[in-house]
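Visitor: Predicted model and sequence below, questions to follow.
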Amino acid sequence: MPEFTPLASLAGGMLIGLAAVVLMLLNGRIAGISGITASLLSVSRAVPDRGWRLAFVAGLILAPLGLAQVEGAPAMTVAGSPAIMALAGFLVGFGTVLGNGCTSGHGICGIARLSPRSVAATGVFMAAGIATVFVVRHLLAGG
Amino acid sequence: MRSVLGGLAAGLLFGTGLAISGMINPAKVMAFLDIAGAWDPSLAFVMLGALLVAGPGYRLILRRSRPLFEDAFVLPARRELDSRLLAGAALFGIGWGLGGYCPGPALAALGFGKVQTLAFAAAMAAGMIAARYLPAPAAHSGVRA
């Protein structure tokens, strides 16, 4: 069972906030992971700034690997089977494109801009996540 | 071309933050969402930390006429709620609760090569592409001059 890690989580969160600030200051863009990823997946339309998006995703993937060289691999426990994870991933991909954002774009960047859409979206996906875990862990599993 | 460096710097910071904060661990995310079980409130501190930096940071930056590496800020202009937004957020939340990954951590965890992470990320890409086949949404991004 994961332990309560307020300081590490606060520090990590501040780095995530700093990443959003850096992307806005340098490139003038929202650090929304789902938006950045979905843009990279579009092949039909011309995407003029594919370069910074690819670099962003490369940094996102490489940084935890680099950190693992120093600190050891981060704790990472995935409970779901590959089939469950594929279902979860499809819902996350579909839902974030439909709703124009995810935890980063709405939950951090949007709330930081006091966007009513992002405040509402964050409330809804938090509630849906909590409800889903409740159903899976406490109703279906009987625990 | 400089914007590539901007993207890389932000991505490295973001990935480091996800790893340090514990968000890269689906078990920790699920423990945050499990308010009826052994609740771990850590991830509220991730959000708090991010907003403490991004809130004031954005306010300062958006006083500028333009970003450093590009000609204009690109910000979502819409403020009104609609059913796509709420339905999308609900589907996303269900997937988040089911798998314990949202898009950032799923990508940040890819390098560790777990088959569940790969399955999640591949299906996430498929879901993003599939969502494009819905009727076209209204334009959602505006360039602030």
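Guide: Perfect, I can see it now.
Visitor: ok, B:Met1 - contacts?
Guide: Going by CB atoms under 8 Å, 6 or more residues apart in numbering or on different chains, B:Met1 touches A:Gly51. Placement of C-beta: from N, CA and C, glycine included.
Visitor: what sits against the spatially closest residue to A:Gly32 that is not a sequence neighbour?
Guide: Spatially, and ignoring its direct neighbours in sequence, A:Gly32 is nearest to A:Gly105 (2.5 Å; CB to CB, 6 or more residues apart in numbering or on different chains). Going by CB under 8 Å, 6+ apart, A:Gly105 touches A:Ile30, A:Ala31, A:Gly32, A:Ile33, A:Ser34, A:Gly35, A:Thr96, A:Ser118.
Visitor: again, only using 6 Å
Guide: A:Ile30, A:Gly32, A:Gly35 (CB atoms under 6 Å, 6 or more residues apart in numbering or on different chains).
Visitor: Tell me if I'm right that the second one and A:Asn100 touch.
Guide: No - counting by CB atoms under 6 Å, A:Asn100 is not a contact partner of A:Gly32; they are 8.3 Å apart.
Visitor: Give me the common contacts of these two.
Guide: Residues touching both A:Gly32 and A:Asn100 by CB under 6 Å, 6+ apart: none at all.
Visitor: Hmm, B:Pro103 is touching A:Ile36, no?
Guide: No - when contacts are counted by CB under 6 Å, B:Pro103 is not listed as touching A:Ile36 (8.7 Å).
Visitor: Now for B:Gly55, how many residues are close by?
Guide: 17 (other CB atoms under 10 Å in any protein chain shown).
Visitor: ok, it to A:Ala112 distance?
Guide: Here B:Gly55 is placed at a distance of 5 Å from A:Ala112 (CB to CB, to the nearest Å).
Visitor: re earlier: and which of the contacts of A:Gly105 is nearest chain B?
Guide: A:Ile30 (6.8 Å; CB to the nearest CB).
Visitor: which SS state does that closest one fall under?
Guide: Assigned state for A:Ile30: coil (three-state reduction, DSSP: H, G, I helix; E, B strand; the rest coil).
Visitor: What backbone torsions are found at it?
Guide: Backbone torsions for A:Ile30, taken as degrees, to the nearest 10, come to phi -80, psi 130.
Visitor: Next, count neighbours for it.
Guide: Neighbours of A:Ile30 (other CB under 10 Å): 27.
Visitor: excluding its backbone neighbours, what's nearest it?
Guide: A:Cys109 (4.6 Å).
Visitor: What about that neighbour, how many residues nearby?
Guide: Per other CB under 10 Å, the neighbour tally for A:Cys109 reads 28.
Visitor: repeat for B:Ile35
Guide: 12.
Visitor: ok, and the residue nearest to it when sequence neighbours are not counted, which helix or strand is that part of?
Guide: Computed as CB to CB, 6+ apart, the closest residue to B:Ile35 that is not its neighbour in sequence is A:Ile130, at 5.9 Å. Here A:Ile130 is covered by helix A:116-134, with elements defined by DSSP states H and E.
Visitor: Contacts for that helix, please.
Guide: The contact list for helix A:116-134, computed with CB under 6 Å, 6+ apart, reads A:99, A:106-107, A:110-111, B:30, B:33-36, B:79, B:81, B:85-86, B:89-90, B:92-94, B:96-98.
Visitor: Which ones among those residues lie within helices?
Guide: Secondary structure from DSSP state H places A:111, B:30, B:33, B:85-86, B:89-90, B:92-94, B:96-98 of those in helices.
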